[in-house]
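[1] let me see the structure of the following:
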Amino acid sequence: MEYRVEMKREIGKEWRDAELTHLSVSQLNRTTAYWIYAYLYLRDDRKNITVGENAAVGTAVHNGTQAIVCHGLDITEQMLAAQIAFDFHDANQDQAKREKYRDCIPDMIRNGVDILTEYGFVGAVDEERIETWLDGVNVPLIGFVDMLVPDTMFCEIKLLKDGTQGWAKATLPKAPEKAHVAQAAIYHHALQVTPSICYVTDHDAVMYTPFNCDELKADALADAVEDMRQKALIRQNLLRVSTDPKVLASFTDPDWSHMYQWKIEDEYLEKAKKLWKL
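    Residues are numbered from 1 along each chain as shown. A predicted model of the protein is given here:
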């Protein structure tokens, strides 16, 4: 299905020379340094980095929730299927998290299903592919929307898990997070339908829309799209200088103390540090 009519554009030479065919919001929400490392240096090898339990439980709950809300599958069966999928995921960072998160999966799914049903997402399309272009950026942005009611509304589902050993309940945000607004803004740019962001924990859920928060109103979405455009242009300008990650690393600060950017396996962190060794 098509939502936004855009003139067909050719991918720019700088992107072709770097063998890059698209950008994504997740790429642009990374620091420029990490993007150079992951997408120009590691390339396909980045897929071999083992993700942690947070990502693993997110995938399990997302898939279970979509199967129930979008495809009408049995909720009890999908809760069990999500736990089994989580059991076989290769995340291996924290055994305590693995045991705790497994127990939380049914409640997360239940809360997600309840709020998404309340907001009219039953029978929605899941994982709808979008492709859109930003002014001056010579490569498309591509993404996959969690749930879409065609011509009406889409929703991005975000799971909140406590990461401490005390296991205090995760707190629902009082407003959507900036990175999530950026994702919703790009999808809105492509689809031109009402955006929403759903936050789910094992004890509650909340839905944000343009009708109950300023962050998803038109002006804020436009600002977020412009922020993404500026980030894309910085990467594009770097590629016009060079497509060699070693050269580009010499222009950027890796910021090894970043709170989460470099929380990767020691093997891959060592590779990154070698890349920035001038």
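[2] rest of the way, CA atoms for contacts and neighbours
    Noted.
[3] now do the contacts for V206.
    Taking Cα atoms under 8 Å, 6 or more residues apart in numbering as the criterion, V206 is in contact with I115, L172, C198, Y199, V200.
[4] one more pass at 10 Å, please.
    Neighbouring residues of V206 by Cα atoms under 10 Å, 6 or more residues apart in numbering: N111, G112, I115, L116, L172, P173, K174, A175, I197, C198, Y199, V200.
[5] may I ask which of those has the most neighbours?
    Within the contacts of V206, most neighbours by other Cα atoms under 10 Å means G112, with 30 neighbours.
[6] wasn't that residue part of a helix?
    Yes - according to DSSP: H, G, I helix; E, B strand; the rest coil, G112 belongs to a helix.
[7] these two touch, right, it and E156?
    No - using Cα atoms under 10 Å, G112 makes no contact with E156, being 11.3 Å away.
[8] just give the closest residue to A249, not the sequence neighbours.
    W276 (5.8 Å; Cα to Cα, 6 or more residues apart in numbering).
[9] what sits in contact with each of G112 and E156?
    C198, Y199, M207.
[10] mind putting the residues you listed in TSV, secondary structure and distance to W262 included?
    Output for the shared contacts of G112 and E156, formatted as TSV (DSSP: H, G, I helix; E, B strand; the rest coil; distance: Cα to Cα, whole Å):
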residue	secondary structure	distance to W262
C198	strand	27
Y199	strand	25
M207	strand	31
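[11] buried residues of stretch 195-215, list them for me.
    195-202, 204-210, 215 (16 or more other Cα atoms under 10 Å).
[12] was I right about Y34 contacting S26?
    No - look at Y34 against S26 with Cα under 10 Å: they stay out of range, at 11.5 Å.
[13] host element of T50?
    Using DSSP states H and E, T50 is not contained in any helix or strand.
[14] burial of the closest residue to it other than its chain neighbours, as a residue count?
    With Cα to Cα, 6+ apart as the criterion, T50 has its nearest non-adjacent residue at 6.1 Å, and that residue is A91. Number of residues near A91 (other Cα under 10 Å) recorded here: 19.
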